[in-house]
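Chemist: mind folding the following:
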Amino acid sequence: MKLSELANVTGSTLEAGDAELEFRGAAGLDLAEEGEVTFLANPKYTPQVAKTRASAIFLSEGVEIERKDIAVLRSEDAYVAYTLALRAFHPEPELRPRIHPTAVIDSSAEVASEVEIGANVVISAGCTIADGVRILSNATIYENVSIGEGTVIHSGVSVRENCEIGARCIIQNNSTIGSDGFGYAKTKEKKWLKIPQVGRVVIEDDVEIGANTAIDRASVGESRIRRGTKIDNLVQIGHSCTIDEDALICSQTGLAGSSHIGKRVILAGQVGIAGHLKVGDDAVLTAKSATSHDVPEGKVISGIPGFENREWLRSTALFRRLGDFAARLRKLEKRFEDED
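Modeler: Below is the predicted model of the structure:
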């Protein structure tokens, strides 16, 4: 790909460099070689610019570098431009319409003609599979599931009965959509009685779900993951939860039942959300935080129990000095005792 084409596909402006220069890939500052494009998004990596072997670099508006021997692609956001470049160099594999002879498809299932169904896939009664869907080997689709156009279901995924998956979704290996919610009632004999989980999971368009994630069906009604949400590996989403549009849920996060997560919320790694809580739009919970109360819109929360990030930073700074404070207090106590 020529440098001029690279600028075009990434929405960048060619500020310096030969427009006819050929590129074969994109990589980080420390890994890029000649014929590859790199980027600078975080100022702390500026010293690496002097050493990079890349032939071109994406720079955000207002960022300058001293090197004059490297082509410059100016963009609104260097990281986004770099991502677009990676996507251009590594496009998604084209659909190969076929149904593997070992796949088992119920006669009542409606499967479009332009689909790719891998080895040992099971598609049960009443399912609807749209054009452009790829279901890779050993995936299991239970009864009455619908899967929208262009969605990719990777190997080992299970989609349970009555669930709905929208268009252009990606579900990574060994995730389970629609497993039973964790619901039990204690009898007078103090034994656990399983509550039937008869709801479903609805995943809207453009959602990505990482590997080994479990999204539980509602006891009644639905658990819903709204458009554009991205969910990492090893995430647990309890029954009857709602995650609103464009949320970002990082690895090992756990949501108890009936949680409501707002638009564009970020839950960092190992966050815990207690049941029946609401996290407002644009809120952020930093890594290893946990909350047992609602979180207002736009708040940044840290700690266990979670509270406002700035207060948490001050508190942790003081916590590190508790030993010094205790020593000073003992000295003061001794001084007063001596004066008495």
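Chemist: number of residues surrounding residue 135?
Modeler: By other C-beta atoms under 10 Å, the residues close to residue 135 number 29. Where C-beta positions appear, they are placed from N, C-alpha and C, glycine not excepted.
Chemist: my error: substitute residue 98 in the last question.
Modeler: Residues lying near residue 98 (other C-beta under 10 Å) number 11.
Chemist: which of the three states applies to residue 317?
Modeler: helix (DSSP: H, G, I helix; E, B strand; the rest coil).
Chemist: okay, it: pLDDT?
Modeler: For residue 317, the pLDDT comes out at 71.
Chemist: cool, residue 181 as well?
Modeler: Here, the pLDDT recorded for residue 181 equals 93.
Chemist: got the contact list for it?
Modeler: Counting by C-beta atoms under 8 Å, 6 or more residues apart in numbering, residue 181 makes contact with 195, 197, 199, 216, 217, 218, 219, 223, 238, 239, 240, 257.
Chemist: same check, this time on residue 279
Modeler: Listed by C-beta under 8 Å, 6+ apart, the contact set of residue 279 reads 259, 260, 261, 262, 265, 267, 273, 285, 291, 294, 295.
Chemist: which parts of the stretch 51-200 of the chain are helices?
Modeler: For the stretch 51-200 of the chain, helices defined by DSSP state H, counting those that start in this stretch occupy the ranges 78-89.
Chemist: go through the contacts of residue 279 and flag which are in helices.
Modeler: Among the contacts of residue 279, no member falls in helices (criterion: DSSP state H).
Chemist: between those residues, which is closest to residue 191?
Modeler: Taking C-beta to C-beta as the measure, residue 259 is the one of the contacts of residue 279 closest to residue 191, at 27.3 Å.
Chemist: from residue 268, how far off is that closest one?
Modeler: According to C-beta to C-beta, to the nearest Å, residue 259 stands 16 Å off from residue 268.
Chemist: just to revisit the earlier point, list only buried entries from the contacts of residue 181.
Modeler: Using 16 or more other C-beta atoms under 10 Å as the burial test, the contacts of residue 181 include 197, 199, 216, 217, 218, 219, 223, 238, 239, 240, 257 as buried.
Chemist: now, the most widely separated pair of those?
Modeler: It's 199 and 238 that sit farthest apart of the buried ones among the contacts of residue 181, by C-beta to C-beta, at 11.9 Å.
Chemist: re the thing from before, going by distance to residue 8, which of the contacts of residue 279 wins?
Modeler: Nearest to residue 8 among the contacts of residue 279, counting by C-beta to C-beta, is residue 265 at 34.2 Å.
Chemist: quick one: neighbours of the closest residue to the closest one other than its chain neighbours, just the number.
Modeler: Take residue 265 and drop its neighbours on the chain: the residue closest to it by C-beta to C-beta, 6 or more residues apart in numbering is residue 247, 4.6 Å away. If you count neighbours by other C-beta under 10 Å, residue 247 ends up with 25.
Chemist: can you offset everything so residue one is 207?
Modeler: Shifting the count to begin at 207 puts that one at residue 453.
Chemist: need the pLDDT of residue 453.
Modeler: On the pLDDT scale, residue 453 is placed at 98.
Chemist: measure it to residue 401 for me?
Modeler: Distance of residue 453 to residue 401, computed by C-beta to C-beta: 27 Å.
Chemist: could you do residue 252 as well?
Modeler: Distance from residue 252 to residue 401, by C-beta to C-beta: 57 Å.
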